[in-house]
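Here is a sequence together with a model predicted from it:
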Amino acid sequence: MKMGKVAVGGLAALVLVAAGALGAELLARRAMVRQVETALAQPPFLEASHGAIRYSLWRARLEIHDLAFKTDLAAPRSFRAAEVTVAGVGPSLLLGRGGDLALAAIRAQQVEATGGGLQASAATLALDGVQVIGGLQPEAPSSARDALAALFERVSVDRLDLGAVHLWSDAHAVDVAFDTVSAEHLAKGRVAGVTATKGVALVQGGGGEGKLRVALAQLSLAGVDGVALRWIVAPQTAPGDGAVAIAEGMKLGGLTLAAGRGVLTAETLSLAGLRLRPGAALSVASPAALGQLFGGASLDHLELQSVDVRSVEATDRRLSLARLAIDKLRPGGVGGIAAETLALDAPNMVARLDAFEVTGLAYARQGTPIGVPRMFADRIELRNLSAGVKPGAEVTVKDASVAMEGTLASPSGARMEIGPVTVPAAAAPALARLGYDALVLDYDSRTHYDAAAARMSLTQHLAAQDAGKLALSLQLGHYPPALEAPDAATLSLRLMRAELEHLELRYDDASLAGRLLKLYAETTGRDVDSVQQEFAARARAQRQALAGKPALLASLDAVEAFLRKPGTLTLVLAPPKPVTLGTLVALARQNPDQALASLGLSVR
């Protein structure tokens, strides 16, 4: 009997505990519903609706079905989710107590949102390890916008995952989709890393002409600055107009770009240290907006691997590149550009290039009347270039280099070296008629500008094996320090003011002159002696016309002697006093004899 009473008492206690727990659960659920509805009735929310709200005090779990709201914020302007589940909602949040807020996880299904001129949707949204320093209530916000900005400064998230993401905008003419998007360690507006898989973007061209399709297998970002990204999208919020870094690094894998009849693919594209200037709008449909966005861009490093460009319609047209790297890109200059293993295949052109490098490149668009920017480079090099209309008929260049001296604003000289250059008879059939299987050439030039004396000097040498050598030296005074002017007419006028001080052109024959005489003789059905006699007769006729002009007669004698026995022939222009190029042009048209006298022409 006594044991029965104890059992009944224990059962009653259990019933009371269960009833109390059930009552607490019901009270907690009602309180949570009031909490949610009260929050949705306050700024920045303009209107809100929801379906069933379920809350478990013991599981610390909140479920809201069919949640939808609109705000007065630029983003999000509106939000909708079929279901939102929050894990880690304990009594402190339920009772509205202050202090830091920690939520284990947030999950949402069938999410849709708008804001900033964009629309977005995701099949799933997951947040893990959410913390809000100071709780949800900011201190004395001056506006809902300020409150949201302050809230983001206090929020941290261990991980964010999105599934089946879709982002589009009719105004910005862009449509983007990803299978998955993940982000790790979000805090104070910065994200340690972002990864996305299987992305596709469609961009409508300006004026509605054509579309650009971008596809990628994977995208990864490191060190993303959400504040800087907001400045790019909404420049009115930026503290200044200087370029800002939105990410420390970016890498795209399996990239495909398709536009019109062309397709570009790349195994990887990597960027580091990209900085953009806040633009008027992030609108890829507007060339002006893109120009403003990228006009002040800078980049520490860009690298493309395994690039392939081809035509959709013509499968026999293809351009490939093993590697392209750009270092220290800044407005007005590039630290270095390197390209490796370039190949071009087309019906009427084949080309190969092993390597191309540029260091210390500077440029300026101002002051060039023909629209080509002024450029300066410390050094430009290429190695093993071949190009021709078909395989087996390529002209090859083993090495080529250009080294510049001075600066873009004050260039003082340049040195160019090219060679050996091999031109096969298959590429130039006339060579076979001259008896060459191939012509091998070497070229070098040296330019120097003396700013104090306003004098430009130039020397050039071209040597062809078993053919001959050509050497040129030129000196101009009153030469403009830079070829820049507001228009072509002004530039031409400045060049016409330059003065010719000296010119010498020398040719040393190795066999080319004799080959040309022989080819001319064969073409006209004669022998070489007959051709030389013809040239001698023409010289005698010219001699009568040049009577009383000993300098020109001496020059004619030199030409006649060269034709009889090819060797060395030198043409010299040594004006008694410097003569402007404009004067020479005018004299050549009006009085050729006076022009020759002014030039101090001699041939020896």
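Looks like it came in fine. All of these numbers come straight from a predicted model, not from anything done at the bench. Residues are numbered from 1 along each chain as shown.

residues near P391, how many?
10 (other C-beta atoms under 10 Å). Any C-beta I mention is one placed from the backbone N, CA and C, and that applies to glycine too.

right, and it touches R352 too?
No - using C-beta atoms under 8 Å, P391 is not in contact with R352; the gap is 10.1 Å.

Let me know the next secondary structure element after the lowest-mean-pLDDT helix or strand in the chain.
Ranked by mean pLDDT, DSSP states H and E, the weakest helix or strand in the chain is helix 287-294, scoring a mean of 52. Once the chain leaves helix 287-294, the next helix or strand it forms, by DSSP states H and E, is strand 299-311.

tell me which residues in that following strand are buried?
299-305, 307, 309-310 (16 or more other C-beta atoms under 10 Å).

now stretch 35-52
In stretch 35-52, counting by 16+ other C-beta under 10 Å, buried: 35-36, 40, 44-45, 48, 50.

Likewise for stretch 408-418?
Buried-residue list, stretch 408-418, by 16+ other C-beta under 10 Å: 408, 411, 413-414, 416-418.

Tell me where the model's unsure across the stretch 51-200 of the chain.
91-99, 135-152, 172 (pLDDT under 70).

what's across from the closest residue to S156 other than its chain neighbours in the sheet?
Using C-beta to C-beta, 6 or more residues apart in numbering and skipping residues adjacent in sequence, the residue nearest S156 is A187, 3.9 Å away. In this structure, A187 bridges to S156, R190 when assessed by DSSP bridges.

count of neighbours near A187?
Neighbours of A187 (other C-beta under 10 Å): 16.

again, but for Q533
12.

What strand or helix carries it?
If you go by DSSP H and E, Q533 is part of helix 528-545.

now the angle between helix 528-545 and the following helix or strand past that helix, please.
Next helix or strand after helix 528-545 toward the C-terminus (DSSP H and E): helix 550-564. For helix 550-564 against helix 528-545, the angle by axes from the mean of the first three to the mean of the last three C-alpha atoms, to 10 degrees is 180 degrees.

For G392, which three-state class applies?
Following DSSP: H, G, I helix; E, B strand; the rest coil, G392 is assigned to coil.

so what's it up against?
Counting by C-beta atoms under 8 Å, 6 or more residues apart in numbering, G392 touches 424, 426.

if we go to 7 Å?
A426 (C-beta atoms under 7 Å, 6 or more residues apart in numbering).

Could you pull up the contacting residues of S555?
S555 touches 601-603, counting by C-beta under 7 Å, 6+ apart.

In helices, which of those residues fall?
Nothing among the contacts of S555 maps onto helices, per DSSP state H.

what about L118, neighbour count?
When neighbours are counted by other C-beta under 10 Å, L118 registers 20.

Please apply the same query to the one 4 residues further on.
A count of nearby residues for A122, using other C-beta under 10 Å, gives 23.

does it really touch D161, like I thought?
No - applying C-beta atoms under 7 Å, one finds A122 not in contact with D161, separated by 9.6 Å.

list residues touching both of those two?
By C-beta under 7 Å, 6+ apart, A122 and D161 have no common neighbours.

what sits up against the helix holding Q533?
The contact list for helix 528-545, computed with C-beta under 7 Å, 6+ apart, reads 517-518, 520-521, 553, 556, 560, 563-564.

Now for these: which two are most distant?
Comparing every pair within those by C-beta to C-beta identifies K518 and L553 as the most remote, at 28.7 Å.

more neighbours, the two?
The residue with more neighbours, out of K518 and L553, is K518; 17 against 14, by other C-beta under 10 Å.

For that one, give me its contacts.
Counted by C-beta under 7 Å, 6+ apart, K518 has contacts V528.

same thing but at 10 Å, please
Neighbouring residues of K518 by C-beta atoms under 10 Å, 6 or more residues apart in numbering: 433-435, 511, 527-528, 531.

can you check L67 too?
With contacts taken as C-beta under 10 Å, 6+ apart, L67 has the following neighbours: 36, 40, 48-51, 53, 79-84, 108, 111.

ditto for A126
The neighbours of A126, taking C-beta under 10 Å, 6+ apart as the test, are 85, 105-108, 159-163, 182.

do the same with R107
R107 is in contact with 63, 81, 83-87, 124-128, 161, counting by C-beta under 10 Å, 6+ apart.

Show me those residues that map onto helices.
If you go by DSSP H, the contacts of R107 have nothing in helices.

Give me the buried entries from the residues you listed.
Using 16+ other C-beta under 10 Å as the burial test, the contacts of R107 include 63, 81, 83-87, 125-128, 161 as buried.

Looking at those, which is nearest L202?
Of the buried ones among the contacts of R107, the one sitting nearest to L202 (C-beta to C-beta) turns out to be L125, at 23.3 Å.

so how far is A122 from the residue nearest to that closest one when sequence neighbours are not counted?
Once flanking residues are discounted, L125 sits nearest to A108: 4.1 Å by C-beta to C-beta, 6+ apart. Applying C-beta to C-beta, to the nearest Å, the value for A108 to A122 is 8 Å.

before we move on, the earlier item: could the contacts of S555 be laid out in JSON lines, adding distance to W58?
Converted to JSON lines, the contacts of S555 look like this (distance: C-beta to C-beta, whole Å):
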{"residue": "L601", "distance to W58": "108"}
{"residue": "S602", "distance to W58": "110"}
{"residue": "V603", "distance to W58": "109"}
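
Out of the contacts of A126, which end up buried?
Looks like the contacts of A126 have 85, 105-108, 160-163, 182 buried, using 16+ other C-beta under 10 Å.

how about those, which pair is most distant?
With C-beta to C-beta as the measure, no two of the buried ones among the contacts of A126 lie farther apart than T85 and S182, at 18.9 Å.

Next, show the common contact partners of A108 and A122.
Jointly contacting A108 and A122 under the rule C-beta under 10 Å, 6+ apart are 81, 162.

which residues touch the residue nearest to L125?
Shown in contact with A108 (C-beta under 10 Å, 6+ apart): 64, 67, 79-86, 122-127, 162.

try 8 Å this time
81, 83-85, 122, 124-126.

isn't S598 right up against L584?
Yes - using C-beta under 8 Å, S598 is in contact with L584, at 7.0 Å.

Let me see the ranges of the helices in the chain.
Under DSSP H, the chain gives helices at 2-40, 91-94, 144-154, 226-233, 287-294, 430-433, 488-496, 512-524, 528-545, 550-564, 581-590, 592-599.

hey, least reliable of these by pLDDT?
Sorting the helices of the chain by mean pLDDT places helix 287-294 lowest, at a mean of 52.

circling back to that earlier point, out of the contacts of A108, who's nearest L573?
Looking across these and measuring by C-beta to C-beta, the closest to L573 is A122, at 76.6 Å.
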